[in-house]
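**Q** Next come a sequence and a model predicted from it.
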Amino acid sequence: MGKSVKSRAVSGDHSGAFYALISCVTLLAAAFVHAGSFASAPSVAGASATENHFRASTTGKGRQLDARFFQLTGTHLVQGQTEQTLQELPDPAPPFITAQGKVQIYGSAPYFIQYKNWNEFENGGSFQVVPMTLKFPSGAAIQGVYTHPWDLRKYRVSGAGGTGKEILVGGAMSPSAGRPIAVWPDDNINRRIFMFRPDDLGAWVRDVFPIAGKVAQEWTGHSYGGNFFQPGQSDLNTINPNGGNPIYFFFEKVSEDRRGPYKTEIFVKKVDSLAPPSSSAFRSGRSTPGGEETKLIGVGTPPRPSTQRTVGGYLVEGPRPIQMDIQGQRFYIIAFSSGDFPTDSYTLNYAWSRNVTGPYQTVMNRDGTDFLDLGLEIKAKYNLSWVGRPSFFRTPSGNYEMLFHGVSKNILPDNDYTKWPKKYELWQFFRSLFKANLQVLLNADGSPSITPVLH
C-alpha cells in the first residue's frame with residue numbers, strides 16, 4: 001500500500017478519506033493512496049460523528065462462516081448500511097499474545113481489538129475495542145480526521161539493552177514546516193514508518209526519525225507497512241537485539257514518482273539497533289543504523305497484471321514475513337498484496353526463499369502470467385471484494401492460519417466492484433477481518449505450497 005489517498009492510491013490500500021474530502025480532484029489524489037490503511041470516514045463533518053459513534057462501540061463479536069473460516073469483525077453490518085458505528089480495522093497484524101494470555105489485533109486504526117484468550121480468538125468470539133493514545137515526539141496528540149498511523153503492529157522487545165518491553169511500529173505523517181501537528185491529506189506525502197514507545201502515562205510516543213529513509217515532502221520513499229523479523233524466534237512478535245540472530249526490517253515504499261506514487265515495491269534492510277534513530281544517522285540518510293535497502297519483490301518487468309491500478313501506477317505492498325519449517329525444510333515466506341485495494345482485483349499473494357534476504361520466488365498462477373491469488377475461492381464463495389493484506393501466523397498448537405480483510409458485497413450490492421467506487425464514497429464501505437486455516441505442504445519440486453482451508 002503506498003498509501004496515497006490515504007496515500008493508498010498508488011500504493012495500495014489506503015484511501016477512503018480522500019474520497020470523502022475532495023470530489024473529482026480527490027478521486028485522482030485518492031488514486032495515490034496506497035492500499036493499506038484507509039480509515040473508514042465520511043467527510044470532514046461526518047468524521048467527527050463517526051469518531052463519536054466509535055467511542056460508543058466498545059465490544060464486538062465474530063461468527064463462523066465455515067468449518068475453518070471465521071469473520072471476526074463487521075458482523076453488525078446490514079444491507080444498505082453506509083454509516084459506521086465502529087471504525088474499521090484493516091491491514092491486520094499477526095495476533096499479539098500478552099503475558100496474561102489475551103490476544104490483541106492491531107492494524108490501521110487508533111485502536112486495537114482484544115480477546116480474553118486464544119480460544120475466544122480462534123473461534124471468532126467476543127472482543128473488546130481498546131482505544132490508544134498516540135503522540136508526536138513533541139507530546140502533541142495524534143488526532144483529527146484520518147491522522148492516525150497505518151499498519152500498526154506491536155512487538156515485545158526482550159534481552160538487555162532493549163528499548164522497552166513493548167514497541168509499536170506504524171506508518172505516520174509528520175507535520176509540514178510551520179505546523180504543530182500533521183494534517184490530512186496535506187502531509188500524507190511525507191508518511192514514513194516509525195517506532196512508537198510507551199511513556200509513563202501509557203501513551204505511545206513516536207520517534208523523531210523513521211526506521212528507513214528520511215522524512216521529505218516527496219512521494220518517493222513514502223511508506224507505511226513495516227515489519228521487524230528475527231530468524232529463530234518462535235514468536236513472530238518478539239525481537240531480541242542481543243539474541244544472536246540479526247534483525248531485519250521488511251517494508252514497502254514508493255520507488256518511483258511520476259507526479260504521484262507510480263510504483264510501490266517491497267524492500268528489506270538489516271537493523272543493528274532498536275534505540276531511537278540518531279540525528280547523525282538521519283542526516284546520512286540511514287535513520288536506523290544497519291545495512292542497505294534491498295528490493296525483494298517488485299511489480300515485474302513488464303509489470304504483472306495484478307499489480308496494475310486503474311487509477312494509474314503499479315503496487316505490491318504489506319509484506320508480512322514468517323519462518324516456516326515444512327517437512328523438515330526451512331523457508332522464509334512473505335505474505336503481501338498487489339493491485340487496486342477497493343476492487344475485486346486486490347489480492348492475497350506470497351513469495352518464498354531459503355534465505356531471509358532472498359532472492360524470493362513469487363508464487364505464480366498455473367499459466368505463469370501473474371501472481372497466484374489465494375483469495376479467488378474466498379471471493380467467489382463468500383461474495384467478498386477488497387480482499388487483501390494477508391498475515392500468516394502459527395497457532396499455539398502448531399498450525400498455520402491467515403488473517404486478512406475484505407468487504408462484503410452483500411452490504412452494498414449495487415456497487416460495481418470491478419473498479420473504484422463511483423456511486424459510493426470509500427468511507428461508506430467497511431473492511432471486515434477474516435481468519436482462515438492454511439494447508440502448508442511441499443510441491444513435487446520442493447517449493448512450499450500454501451492454500452487456505454475453509455471446510
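**A** Received it, and whenever you're ready, just let me know what you need.

**Q** All the helices of the stretch 101-250 of the chain, in order from the start?
**A** 118-122 (DSSP state H, counting those that start in this stretch).

**Q** Residue 414: how many residues sit nearby?
**A** 8 (other Cβ atoms under 10 Å). Where C-beta positions appear, they are placed from N, C-alpha and C, glycine not excepted.

**Q** Who's the closest spatial neighbour of it, skipping the chain neighbours?
**A** Closest residue in space to residue 414, ignoring its immediate chain neighbours: residue 423 at 6.7 Å, by Cβ to Cβ, 6 or more residues apart in numbering.

**Q** Now do the same contact list for the one you found.
**A** By Cβ atoms under 8 Å, 6 or more residues apart in numbering, the contact set of residue 423 is 414, 415, 416.

**Q** cool, and residue 385?
**A** Taking Cβ under 8 Å, 6+ apart, we find residue 385 in contact with 343, 344, 346, 379, 406, 407, 409, 417.

**Q** cool, and residue 247?
**A** Contact analysis of residue 247 by Cβ under 8 Å, 6+ apart lists 228, 229, 230, 239, 241, 270, 271, 274.

**Q** and what of residue 244?
**A** Residue 244 neighbours (Cβ under 8 Å, 6+ apart): residue 232.

**Q** Equivalent analysis for residue 203, please.
**A** 133, 134, 135 are the contacts of residue 203 under Cβ under 8 Å, 6+ apart.

**Q** And the contacts of residue 247, which is closest to residue 361?
**A** residue 229 (17.9 Å; Cβ to Cβ).

**Q** partner residues bridging residue 155?
**A** residue 167 (DSSP bridges).

**Q** Now render the contacts of residue 247 as CSV, adding pLDDT.
**A** CSV is the format used below for the contacts of residue 247 (pLDDT from 0 to 100):
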residue, pLDDT
228, 98
229, 98
230, 97
239, 94
241, 88
270, 94
271, 92
274, 85
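
**Q** Could you list which of these belong to strands?
**A** 228, 229, 239, 270, 271 (DSSP state E).

**Q** The last one reaches residue 211, doesn't it?
**A** Yes - applying Cβ atoms under 8 Å, one finds residue 271 in contact with residue 211, separated by 7.4 Å.

**Q** Tell me where the model's unsure across the stretch 201-350 of the chain.
**A** For the stretch 201-350 of the chain, the stretches flagged by pLDDT under 70 are 277-290.

**Q** Please enumerate the strands of it.
**A** Applying DSSP state E, counting those that start in this stretch to the stretch 201-350 of the chain gives strands spanning 204-206, 226-229, 238-239, 247-257, 261-271, 294-297, 314-326, 329-338, 349-353.

**Q** Mind checking those for the one nearest to residue 428?
**A** strand 329-338 (21.7 Å).

**Q** And that closest one, what does it pack against?
**A** strand 294-297, strand 314-326, strand 349-353, strand 384-394, strand 448-453 (3 or more Cβ pairs under 8 Å, 6 or more residues apart in numbering; DSSP states H and E).

**Q** now those as a markdown table including distance to residue 120?
**A** Output for those, formatted as a markdown table (distance: least, Cβ to Cβ, whole Å):
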| stretch | distance to residue 120 |
| --- | --- |
| strand 294-297 | 35 |
| strand 314-326 | 23 |
| strand 349-353 | 28 |
| strand 384-394 | 16 |
| strand 448-453 | 21 |
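
**Q** mind checking which of those strands is nearest residue 79?
**A** That would be strand 384-394 among those, by Cβ to Cβ, at 14.9 Å.

**Q** Strand 349-353 and that closest one, what's the angle between them?
**A** 30 degrees (axes from the mean of the first three to the mean of the last three Cα atoms, to 10 degrees).

**Q** Strand 384-394: how far from the chain's middle?
**A** Mean-position distance between strand 384-394 and its chain equals 10 Å (Cα atoms, centre = their mean, to the nearest Å).
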